[in-house]
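*Asks:* coordinates only, no sequence provided:
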């Protein structure tokens, strides 16, 4: 909202039905703040109980749409005829390399995973761990409040986390979304330690065929071992091709060759190095990326940008230009090196 207002804009929020009450409460706080500084309260508005046709009409009439819902919402925004910024599906994956500081990595991943009960699109859903560290990382996760499910409990968790909706499609069970690990376990009929705040699942291979490699929107984290860095990158790519393509990848390593290779070769908008992804992906003092909760995923994720949507995206820029002394150039200066190498 600060980014929007910074560009001298007004904004109308159309929250989802499940988030309507808390969204309205947050917007009321903003309106009180505007009134306190003598600004018009209606710079920030909330459209409650708006049906889909009216929402579509609103998108057609406004100047810009920012769509942060699911795929259908983003497609509707792009189809409205109004300039739009959409976001792709989140399904953040982190890699723990053989040289990682495992205590730091486990602490960061846990803090990111449990933040806001894993509702952030940047919350790690899968962690790909070098096989030499795999068992040790599990123990570190346990020290940070993780509970490791048995194979039998994994099956129970799968039946709890995913259900078939009224359209016959398998989808996340809405009852687990944004719930604490204790509540997710209780819903599954499992008994976990009272201090557990994250549920660990050992994934099955190939990872991209394992349903637990998908976005889960609750504090359930899936773990996969790997042997070579090539395998880790291939596993990441195949997981995100199924869910979360173009969004982000994390890496816990000190090897610059790994980091550079990921930036050069992976189809991802963000490579987040040795940081908790839920905090870092959206911009933070620790990395100085633009701060946002709206993350573009580029054409990989069917979005118009790979950037963090921030204040510059809510500005129209006027270019004032005046004549200056022209640069002198010739074909020889432009093409000379090319001609020397390849001929005219």
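*Replies:* Structure received. Predicted model only: the values in this text are computed from it and were never measured. Numbers count the residues shown, from 1 in each chain.

*Asks:* elements contacting the helix ranked longest in the chain?
*Replies:* Using DSSP state H, we find that the single longest helix of the chain is helix 20-36. Using 3 or more Cβ pairs under 8 Å, 6 or more residues apart in numbering; DSSP states H and E, the elements in contact with helix 20-36 are strand 44-46. For every residue, glycine as well, the C-beta is placed using N, CA and C.

*Asks:* and the strand it packs on, how far from the chain's centre?
*Replies:* Averaging C-alpha positions (Cα atoms, centre = their mean, to the nearest Å) puts strand 44-46 25 Å from its chain's average.

*Asks:* elements contacting it?
*Replies:* Against strand 44-46 (3+ Cβ pairs under 8 Å, 6+ apart) you get strand 11-13, helix 20-36.

*Asks:* what pairs with the first one, parallel or antiparallel?
*Replies:* This points to strand 11-13. strand 44-46 (parallel) (DSSP bridges).

*Asks:* next, the contact list for residue 300, please.
*Replies:* Residue 300 is in contact with 88, 245, 246, 267, 268, 269, counting by Cβ atoms under 8 Å, 6 or more residues apart in numbering.

*Asks:* which one is it nearest to, not counting chain neighbours?
*Replies:* Spatially, and ignoring its direct neighbours in sequence, residue 300 is nearest to residue 246 (2.8 Å; Cβ to Cβ, 6 or more residues apart in numbering).

*Asks:* so how far is residue 169 from residue 118?
*Replies:* According to Cβ to Cβ, to the nearest Å, residue 118 and residue 169 sit 22 Å apart.

*Asks:* I misspoke; the intended subject was residue 121.
*Replies:* Counting by Cβ to Cβ, the gap from residue 121 to residue 169 is 20 Å.

*Asks:* the more surrounded of the two?
*Replies:* A count of neighbours by other Cβ atoms under 10 Å puts residue 121 above the other of residue 121 and residue 169, at 25 against 8.

*Asks:* quick check: nearest residue in space to that one, chain neighbours excluded?
*Replies:* Counting by Cβ to Cβ, 6+ apart, the residue nearest residue 121 is residue 90, at 2.6 Å.

*Asks:* which parts of the longest helix of the chain are buried?
*Replies:* 20, 23, 26, 27, 30, 31, 34 (16 or more other Cβ atoms under 10 Å).

*Asks:* what sits against the first one?
*Replies:* By Cβ under 8 Å, 6+ apart, the contact list for residue 20 reads 48, 49.

*Asks:* what does the pLDDT read for it?
*Replies:* Listed pLDDT for residue 20 reads 90.

*Asks:* how far does the helix or strand hosting residue 56 sit from its chain's centre?
*Replies:* Secondary structure from DSSP states H and E places residue 56 in helix 52-61. Centroid separation between helix 52-61 and its chain, computed with Cα atoms, centre = their mean, is 26 Å.

*Asks:* burial of the nearest residue to residue 118 once chain neighbours are set aside, as a residue count?
*Replies:* Nearest non-adjacent residue to residue 118, counting by Cβ to Cβ, 6+ apart: residue 219, 4.8 Å away. Using other Cβ under 10 Å, residue 219 has 31 other residues around it.

*Asks:* what is the least confident helix or strand in the protein?
*Replies:* helix 71-78 (a mean of 86; mean pLDDT, DSSP states H and E).

*Asks:* name the residues that touch that one?
*Replies:* So helix 71-78 is in contact with 55-56, 59, 65-67, 84, 86-89, 302-303, going by Cβ under 8 Å, 6+ apart.

*Asks:* the residues you listed in strands, which ones?
*Replies:* Of those, the ones assigned to strands by DSSP state E are 65, 66, 67, 84, 86.

*Asks:* quick check: longest strand of the chain.
*Replies:* The chain, longest strand under DSSP E: strand 220-226.

*Asks:* strands paired with that one, and their directions?
*Replies:* Strand 220-226 is paired, per DSSP bridges, with strand 126-130 (parallel), strand 198-202 (parallel).

*Asks:* chain center to the longest helix of the chain, what's the gap?
*Replies:* On Cα atoms, centre = their mean, the centre of helix 20-36 falls 25 Å from that of its chain.

*Asks:* do the same with stretch 218-230
*Replies:* Using Cα atoms, centre = their mean, the offset of stretch 218-230 from its chain centre is 17 Å.

*Asks:* wait, doesn't residue 18 sit right on residue 174?
*Replies:* Yes - applying Cβ atoms under 8 Å, one finds residue 18 in contact with residue 174, separated by 7.5 Å.

*Asks:* hmm, back to that, wait, the residue nearest to residue 118 sits on residue 178?
*Replies:* No - counting by Cβ under 8 Å, residue 219 stays clear of residue 178, with 9.7 Å between them.

*Asks:* anything in contact with each of the two?
*Replies:* Joint contacts of residue 219 and residue 178 (Cβ under 8 Å, 6+ apart) are 117, 118.
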